[in-house]
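[1] fold the following.
(2 chains)
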Amino acid sequence: MLIQKNKIFFLSIPLILSWIFFSCGDGNGAREEILYWSSNNTQEIEFADHLVKQWNELNPELTPIRFQPVPEGRSSEEIILAAVVGKTTPDIYSNIWQGDVEAYAQAGVLIPFDTLKGFNEFIYERCDSAVIEEIRSQDGHIYQIPWKINPIMLIYNKNIIKEIGLGKPPRTYKEFFNACELYTKDTNGDGYVDQWFGYSEVLVTWWQRFFDFYPLYLAASGGAPLIKDNKAVFNNKYALQVLYFLRTLYEKKYFAQERLSAKIDVFLSEVIATRFVGPWEIIHAEKFKPKGFEYDYTTIPVPDDFSGPVYTYGDPKNIVIFNTCKDPQLAWGFIRTMITKESDLKLLELTNQVPRRKNIDIESPFVEYFEANPKMGAFAKQSKFVRGTDTSPVLKEIFDIISQEYEACVIFSVKSPEEALRDAENAVNLLFLK
Amino acid sequence: MKKGLTPYLLVSPYLLHFFVFIAFPVVFSVVLTFHKWNIIAPMEYTGLNNYIRLFQDKLFLKSILNTLIFLLIHIPLQIVVALFLAEILNQKIKLRGFFRAAFFLPVVVSGVVVTILWEQLFGFDTGLLNRLLVTIGFGKVGWLVDPKVAMSSIAIMATWKNVGLYIVLFLVGLQTVPKHYYEAADLEGATHWQKFFKITLPMINPTIFLVVILSTIGGFSLFIEPYILTGGGPLNSTLSAVLYIYKQGFFYYHMGYSATLGLFFAVIILAVVVIQRKFIEGDS
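    Numbering: from 1, shown residues only, chains lettered A, B, ... in the order given. Below is the predicted model:
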């Protein structure tokens, strides 16, 4: 009998230890500080460090803010997800991708900003109504503060544009094809093209479409959504024009069908003349460009009959407060200091990322900054015409579906643009039915 | 009493490991198959929905077919190449020790490193293999960009990576073949090929079966190569079953569905291994 009891006791040890092990992550204990996670790139760490020190010095009577970069991992998105699951989220997180917010909002792990004192007056001062509608959740609340954008534009090699006899970079599809025709070449005469006018990553990974299909779609449509009221609305003439445009680029070998990203920098080594990228390329290009290399940015190409402002994808990163925060009002007070004019200028100077605030291209002190940094000026002008992502908890799946159809239609031409759009539309609508 | 407690105390670390890392995940996975769960929101009971979806999922079927195609290319290639090299390395050749070590080297190199290396070889325009082909007068091959070729390219790479291990197994097999069989065959005037097919192959049959089983199990878990090289493309031609399960789980956080796919796939592997085992037992 005693042995039987001992058996039960010892067999229960692993179970008890397992229970302790799985309980470890439940970090809801009282915290005598507000924890802020920033992005882990050097410039943003410097920015966050500066702000937190300043806040703690100016507000010694308040709960202190502690800052740390988001822990290392394969991606910050995965780290945040793990923190949400383990209930070890920080109080404040800056740098959350706008497309992720809706899923977290629906899971109830975010604090709605519009319930905090002073937010509603603030947001209308910072952003225009289109941006506010873009960030509004499906339940009508606002769970994020628009912080910064990295608009996707067309970077081009100025020397090549001159060499091929063009006075300015291509603006329309027709001009783009013409430039492609002039630059695309088989330089070593082996019968295969080895110099292309442009390049876009051919992988089907969903977010790759932020650098080709999506900005081109926003440009062609004047910023139209992909989905509305849980229904696909992208099967339209704009998406069709974009797919035909992209398909032609691959059919005529104007764009490389293989991955060039694993090799040398194809833009700086003039293997390609253009690319769809954001302002982050400036720091890289300035550091590594060969002598005499000149480049600039222009808007995304548009259909030949297009008129009006050219929109693009803004790759917005925002600020959220998680519901593990004991004092959301205080956290909001700190966040307000992160997005003052002075802080936004500091962010711009340190990181080359554009604060998402209205009139940034005409208001001081930003104007002076853009005059001193003309390449960034292109992004300031573009910042009025950017879109983020549509509000949906299944955005990644939507982009994955589009990406699969993109591959079949654009890269391999095994589906017509009409078929690809119809199939993508049906698959996305099915997603909402599940 | 003290004596009675000690064994349980000694096995408790293993039991802890077993419950935490084996029993709990297995049971939890089975529970998950009846739920919809995206990790951040509470689990939602969905009955047999995940199983119904599985049988309607054409992409999962394609991923299983892709895995089988990979196995059909990889296993014969692996056996032929490993046996050929083992046969050479079993002879008294110069630098035999060096070659044995060299062929084994890729086995101990990280799969990620090997994959990145082969990406440089497989490049369409700038890859070394295509440069070589063009130099000797052939056309370029779309190693990773042609949907008809991509899975074969991955099979070639996987063979290169693993062949060293199977060479070792074959070497052990070859060295157990009694020498007097060959001596007798020599007296009868048998050719080299006759000796190989009539003596060597039948004698190393158990090793061949071992290699088939190990390659099958390893091949079913094909993941790193398509994940890094192609992402499952082009046109899902290299989307393996494990990669698809991973994508469902860790790209889209369809944990319930991913667990269902995993469970179903585990049953398939089990069935294949059981059939192979029956076959081997019957043969022996």
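[2] hey, let's count contacts and neighbours off CA atoms from now on
    Noted.
[3] ranges for the strands of the chain?
    Just so you know, I chose chain A. A:34-38, A:65-69, A:92-97, A:145-149, A:153-157, A:196-199, A:227-228, A:231-232, A:272-277, A:295-298, A:312-313, A:317-321, A:354-355, A:386-387 (DSSP state E).
[4] please refer instead to chain B.
    So, for chain B - with DSSP E - the strands run B:35-36, B:44-45.
[5] domain parsing of chain A, as residue ranges.
    Annotated domains of chain A cover A:34-151+A:314-387, A:153-313+A:394-433 [automatic domain parsing].
[6] mean pLDDT added to these, as a markdown table?
    Below are these laid out as a markdown table (pLDDT from 0 to 100):
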| stretch | mean pLDDT |
| --- | --- |
| domain A:34-151+A:314-387 | 93 |
| domain A:153-313+A:394-433 | 93 |
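[7] quick one, which of those is nearest to B:Ile156?
    domain A:153-313+A:394-433 (19.1 Å; CA to CA).
[8] centre of the chain to the closest one, how far?
    Chain-centre distance of domain A:153-313+A:394-433: 16 Å, with CA atoms, centre = their mean, to the nearest Å.
[9] that domain: end-to-end distance?
    End-to-end distance for domain A:153-313+A:394-433: 35 Å, by CA to CA, to the nearest Å.
[10] repeat for stretch A:381-393
    31 Å.
[11] quick one: contacts of stretch A:277-286?
    With contacts defined as CA atoms under 8 Å, 6 or more residues apart in numbering or on different chains, stretch A:277-286 is touched by A:150-155, A:211, A:268, A:352-353, A:375-376, A:379.
[12] hmm, 6 Å instead?
    Around stretch A:277-286, the neighbours that count as contacts under CA atoms under 6 Å, 6 or more residues apart in numbering or on different chains are A:Asn150, A:Pro151, A:Ile152, A:Met153.
[13] phi first, then psi, for the third one.
    I take that to be A:Ile152. phi -90, psi 120 (degrees, to the nearest 10).
[14] do you know how far the closest residue to A:Asn188 other than its chain neighbours is from B:Asp125?
    Nearest residue to A:Asn188 in three dimensions, chain neighbours excluded: A:Asp194, at 7.9 Å (CA to CA, 6 or more residues apart in numbering or on different chains). Distance of A:Asp194 to B:Asp125, given as CA to CA: 7 Å.
[15] would JSON lines of the domains of chain A with mean neighbour count be doable?
    Shown next, in JSON lines, are the domains of chain A (neighbours: other CA atoms under 10 Å in any protein chain shown):
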{"stretch": "domain A:34-151+A:314-387", "mean neighbour count": "18"}
{"stretch": "domain A:153-313+A:394-433", "mean neighbour count": "19"}
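[16] distance to B:Trp193 added to these, as CSV?
    Below are these laid out as CSV (distance: least, CA to CA, whole Å):
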stretch, distance to B:Trp193
domain A:34-151+A:314-387, 53
domain A:153-313+A:394-433, 42
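[17] show me which residues of chain B are close to chain A?
    B:Tyr8, B:Leu16, B:Val20, B:Ile40, B:Ala41 (CA under 6 Å from any CA of the partner chain).
[18] show me the contacts for the last one.
    To tie it back to what came earlier, the one meant is B:Ala41. Taking CA under 6 Å, 6+ apart, one finds A:Ala107 in contact with B:Ala41.
[19] the same query, at a cut-off of 10 Å, please.
    A:Val84, A:Val85, A:Ala103, A:Tyr104, A:Ala105, A:Gln106, A:Ala107, A:Gly108, A:Val109 (CA atoms under 10 Å, 6 or more residues apart in numbering or on different chains).
[20] which ones, among those, also lie beside chain B?
    A:Val84, A:Val85, A:Ala103, A:Tyr104, A:Ala105, A:Gln106, A:Ala107, A:Gly108, A:Val109 (CA under 10 Å from any CA of the partner chain).
[21] residue of the stretch 201-350 of chain A nearest chain B, please.
    In the stretch 201-350 of chain A, the residue that lies nearest chain B is A:Glu258 (6.2 Å; CA to the nearest CA).
[22] just to check, that residue is in contact with A:Leu203?
    Yes. At 9.1 Å, A:Glu258 counts as touching A:Leu203 under the criterion of CA atoms under 10 Å.
[23] quick check: neighbours shared by those two?
    Joint contacts of A:Glu258 and A:Leu203 (CA under 10 Å, 6+ apart) are A:Ile411.
[24] and the closest residue to B:Phe223 other than its chain neighbours, how far is that from A:Leu431?
    Closest residue to B:Phe223 apart from its sequence neighbours, by CA to CA, 6+ apart: B:Leu243 at 5.4 Å. Per CA to CA, B:Leu243 is found 21 Å from A:Leu431.
[25] just A:Glu405 next, same as before
    Distance from A:Glu405 to A:Leu431, by CA to CA: 15 Å.
[26] do A:Tyr214 as well
    For A:Tyr214, the distance to A:Leu431 - CA to CA - is 20 Å.
[27] now A:Phe267
    38 Å.
[28] including distance to B:Pro25, could the contacts of stretch A:277-286 go into JSON lines?
    Listed next are the contacts of stretch A:277-286 as JSON lines, based on distance: CA to CA, whole Å:
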{"residue": "A:Asn150", "distance to B:Pro25": "41"}
{"residue": "A:Pro151", "distance to B:Pro25": "43"}
{"residue": "A:Ile152", "distance to B:Pro25": "43"}
{"residue": "A:Met153", "distance to B:Pro25": "46"}
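[29] need the contact list for the closest residue in space to A:Asp49 that isn't next to it in sequence.
    In this structure, A:Asp49 finds its nearest non-sequential neighbour in A:Phe67, 6.9 Å apart by CA to CA, 6+ apart. A:Phe67 sits next to A:33-38, A:45, A:48-49, A:51-53, A:90, A:92-93 when contact means CA under 10 Å, 6+ apart.
[30] hmm, try it at 7 Å
    A:Leu35, A:Tyr36, A:Trp37, A:Asp49, A:Val52 (CA atoms under 7 Å, 6 or more residues apart in numbering or on different chains).
[31] which strand residues bridge the third one?
    Taking DSSP bridges, one obtains A:Gln68, A:Tyr93 as the residues bridged to A:Trp37.
[32] wait, what's in contact with it?
    A:Phe67, A:Gln68, A:Pro69, A:Val70, A:Pro90, A:Ile92, A:Tyr93, A:Ser94.
[33] in space, what's closest to the last one - neighbours in sequence excluded?
    This points to A:Ser94. That would be A:Ile319: by CA to CA, 6+ apart, it lies 4.2 Å from A:Ser94.
[34] my guess is that neighbour contacts A:Ile142, does it?
    No. Taking contacts as CA atoms under 7 Å, A:Ile319 lies outside contact range of A:Ile142: 11.2 Å.
[35] for chain B, which residue gets nearest to chain A?
    For chain B, CA to the nearest CA, closest residue to chain A: B:Leu16, 4.3 Å.
[36] leaving out the residues flanking it, which one is nearest to residue 164?
    No chain specified, so I'll use chain A. Leaving aside its chain neighbours, A:Ile164 sits nearest to A:Leu182 (6.1 Å; criterion: CA to CA, 6+ apart).
[37] the intended chain is chain B.
    B:Gly164 sits nearest to B:Phe104 (CA to CA, 6+ apart), 4.0 Å away.
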